[in-house]
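K.L.:
quick one: sequence and predicted model below, then my questions.
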Amino acid sequence: MVVSALVLTAAGCGGSSSSSSTTTKSSAANSTTQSSAANATTTASSSGLSGKWTGKYSGAYTGTFTLNWTESGSNLSGNIQLSDPLETTGITGSVSGGSIKFGTVSGAEYNGTVSGNSMSGNYTTPKGGGSWSANKA
């Protein structure tokens, strides 16, 4: 709105140098707006995993878990609380596109996919593996 007001004001004043100057400012403002929109999109997509997630797992171990993630670029860090074996521990991982990897928790390594507010996949341990799924709380 401010850019429109500047353009209207400059047009009302007349003079080619003002109009040219206003066009330059308008183009710069549009570039800044586009750049800001691109940054907002990047920020929104890169912070999608941060926060609390609750889930379940089955297979060699069966139970529930709560993840608290902090995402920085493609790196994940936080903590996980498992119901079996009963344990809370720090955890790190990574995300690339729709793929996620994290572990190890009690020797388990988790791999899977992320889509919006849900993620799922498989885990492996020295005692066997299984599947897991989680939703953002």
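P.N.:
Ah, there it is.

K.L.:
ok, residue 131 touching residue 123?
P.N.:
Yes. With contact defined as C-beta atoms under 8 Å, residue 131 counts as touching residue 123 (7.5 Å). For every residue, glycine as well, the C-beta is placed using N, CA and C.

K.L.:
and these two? which has more neighbours close in?
P.N.:
Between residue 131 and residue 123, counting by other C-beta atoms under 10 Å, residue 123 is the more crowded of the two (24 against 13).

K.L.:
show me where this structure has helices.
P.N.:
Along the chain, counting by DSSP state H, helices occupy 2-13, 16-46.

K.L.:
comparing these by mean pLDDT, which bottoms out?
P.N.:
Ranked by mean pLDDT, the helices of the chain end with helix 2-13 at the bottom, a mean of 34.

K.L.:
alpha carbons of stretch 65-77, as PDB, please.
P.N.:
Written as PDB, here are the backbone C-alpha positions of stretch 65-77 (Å, rounded to 0.1, in the frame of the first residue of the first chain):
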ATOM      1  CA  PHE A  65       7.200 -42.300  22.500                       C
ATOM      2  CA  THR A  66       7.300 -38.500  22.700                       C
ATOM      3  CA  LEU A  67       9.900 -36.600  20.600                       C
ATOM      4  CA  ASN A  68      10.800 -33.000  21.200                       C
ATOM      5  CA  TRP A  69      12.700 -31.700  18.100                       C
ATOM      6  CA  THR A  70      14.700 -28.600  17.300                       C
ATOM      7  CA  GLU A  71      15.400 -28.300  13.600                       C
ATOM      8  CA  SER A  72      18.300 -26.300  12.300                       C
ATOM      9  CA  GLY A  73      18.600 -26.600   8.500                       C
ATOM     10  CA  SER A  74      18.700 -30.400   7.800                       C
ATOM     11  CA  ASN A  75      19.900 -31.200  11.400                       C
ATOM     12  CA  LEU A  76      17.600 -32.400  14.100                       C
ATOM     13  CA  SER A  77      18.300 -32.500  17.900                       C
END
